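Novice: Coordinates for the following, if possible.
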Amino acid sequence: MYQPRTYRHWVKDTSLIAFTVTVKETDLYIRARRHLEAEALASVLRHRTPLEEYLVSHPDFLHSLEPIAVDEAAPHIVKEMATAAQKAGVGPMAAVAGAIAEAVGNDLLAFTSEVIVENGGDIFLKISRPRLVGIYAGSSPLTGRVALKILPRETPLGVCTSSGTVGHSLSFGLADAAIALAPSAALADAAATALGNRVKSTEDIEPALEWAKTVPGLIGAVIIKNDKLGVWGKVDLVPVKSPGKN
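Specialist: Just a heads-up that it's a prediction; the model follows:
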């Protein structure tokens, strides 16, 4: 089911050119130094096609809620998802949006020095100036009030979000927003899912962040539940006056 990406209208910055690319469930909002729709579409198909073919012959990879081992012959994106899932302790499809965003972003860096790829709340970015990533947390009063400040030296970076109260993605928790940061967007995506699964009330924020510290490769996390917020790691949170400031 399609979920309107209303948060995309928050973006007010005009230093990058924005465009979208959609292929089946993959719905990318991309910002780069130039129009790269054709290159982005080719990249999506290059990575989606082997993944789709693998899922047909390996349905357990599609449906499992636990990590699954794959062999060396598996497509690169499948191996990236499997590795991320193993580190976070979730099913491999929990990493798919981040993995695709990262794969497309890396491909586009051949054509642009700066790129931001957003795929349903999961972001890969390589930037050349400081930028803000706004936080959408549904009905929480913190929605649109705080943002992550990302510096160029911290990128390439994956910033991925899971929610038990927003959207249609599977979550066993009730976090308004569970955000994970990692150099690998696939890992950030899988870890965000695992974080969100651990939060059903505000009392779960602290133990969930303690778990985040144990995930190899994860560099930071943010959890929002109702009006409460918890932070761990290399995270620079800044207040914003209104949604969309960047």
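Novice: downstream neighbour of the lengthiest helix in the chain in the secondary structure list?
Specialist: Among the elements of the chain assigned as helix by DSSP state H, the one spanning the most residues is helix 37-57. The first helix or strand that comes after helix 37-57 along the chain, using DSSP states H and E, is helix 59-63.
Novice: Remind me what that following helix packs against, helices and strands.
Specialist: Counting contacts by 3 or more C-beta pairs under 8 Å, 6 or more residues apart in numbering; DSSP states H and E, the secondary-structure elements packed against helix 59-63 are helix 37-57. No exception for glycine: its C-beta is placed from N, CA and C like everyone else's.
Novice: Show me what counts as buried in the longest helix of the chain.
Specialist: Using 16 or more other C-beta atoms under 10 Å as the test for burial, helix 37-57 gives 39, 40, 43, 44, 47, 48, 51, 54, 55.
Novice: quick one: which of those is nearest to residue 130?
Specialist: Of all the buried residues of helix 37-57, the one sitting nearest residue 130 is residue 40; the distance, using C-beta to C-beta, is 24.3 Å.
Novice: That closest one contacts residue 30, correct?
Specialist: Yes. The pair formed by residue 40 and residue 30 meets the contact definition of C-beta atoms under 8 Å, at 5.7 Å.
Novice: overlap in contacts of the two?
Specialist: By C-beta atoms under 8 Å, 6 or more residues apart in numbering, residue 40 and residue 30 have these common neighbours: 19, 21, 104, 108.
Novice: Neighbour-wise, which one of those leads?
Specialist: Using other C-beta atoms under 10 Å as the neighbour test, those are led by residue 104, with 28 neighbours.
Novice: List the residues that contact that residue.
Specialist: With the criterion set at C-beta under 8 Å, 6+ apart, residue 104 makes contact with 21, 28, 30, 40, 43, 44, 47, 117, 124.
Novice: how close does the nearest residue to the fourth one once chain neighbours are set aside sit to residue 224?
Specialist: Looking back up the chat, that one is residue 40. What sits nearest to residue 40 in space, not counting adjacent residues and going by C-beta to C-beta, 6 or more residues apart in numbering, is residue 21, at 4.5 Å. When C-beta to C-beta, to the nearest Å is applied, the distance between residue 21 and residue 224 equals 29 Å.
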